[in-house]
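Chemist: based on what follows, work out the 3D shape:
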Amino acid sequence: MTYVSPSIPAELHDKVRGLVSDPARFCRLHRVQDKDTKREIPFTPLPMQVKIFDAVKRGHKRILVIKARQVAATTGCKMVLHQQWTATPTAALYALVSLRAESATALLDDNRRWMHHPPVIMRRELDTQAKGELRLADTEATLKAFTSRSSTGLRSFSPIAALLSEFAFAPDQEELLAQALSAV
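Modeler: Here you go, the predicted structure:
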């Protein structure tokens, strides 16, 4: 089920639901930073991102992306997590995990910026904008940054989806993966 804010006029519910429920359509509501000019540009999925969106659409629950650096796969994965977080009608937790706290919060900063991109009628209010956490005011769904260097990791948390970034550099990959699999 896809959440549609009660503030959206009833005649637009189906259209908004169609945009929010599909990562490939949802991402086009957003902008990303161009690598060369550093300016925000409309998000147009690159081939790697299309593959990620297609895997999600086909219902894959665990997607492993082994990639070279700078192919925008992390952005595609973050967009999927952002779409799922935005679409859930529940107070679910979504996890962004990266090697260092700085990189985890930097990943979350994209999600923070993306909150301002959809048309005004579709924008959502945040209940909290803490450095490492975003929580939607209407559903209380939370997107939280974690570090893979933490000794506790995802223990005592129950995210319904997680993105493990910089996994190859994690100090204890087996433990990190075990925590993520048992938590999600």
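Chemist: counting neighbours, what do you get for residue 135?
Modeler: Residues lying near residue 135 (other CB atoms under 10 Å) number 18. C-beta: built from backbone N, CA, C; applies to glycine.
Chemist: for this structure, name the helix or strand with the lowest mean pLDDT.
Modeler: helix 173-183 (a mean of 80; mean pLDDT, DSSP states H and E).
Chemist: counting by contacts, list what it packs against.
Modeler: Packing contacts for helix 173-183, counted by 3 or more CB pairs under 8 Å, 6 or more residues apart in numbering; DSSP states H and E, involve strand 93-98, strand 161-164.
Chemist: export those strands as JSON lines, with columns for mean pLDDT, distance to residue 61 and mean neighbour count.
Modeler: Shown next, in JSON lines, are those (pLDDT from 0 to 100; distance: least, CB to CB, whole Å; neighbours: other CB atoms under 10 Å):
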{"stretch": "strand 93-98", "mean pLDDT": "90", "distance to residue 61": "14", "mean neighbour count": "25"}
{"stretch": "strand 161-164", "mean pLDDT": "88", "distance to residue 61": "9", "mean neighbour count": "21"}
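Chemist: would you turn these into a markdown table with distance to residue 11?
Modeler: Shown next, in a markdown table, are the helices and strands packed on helix 173-183 (distance: least, CB to CB, whole Å):
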| stretch | distance to residue 11 |
| --- | --- |
| strand 93-98 | 30 |
| strand 161-164 | 31 |
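Chemist: okay, how far is it across stretch 124-138, tip to tip?
Modeler: 8 Å (CA to CA, to the nearest Å).
Chemist: ignore what I typed, I meant stretch 50-63.
Modeler: First residue to last in stretch 50-63 (CA to CA) measures 13 Å.
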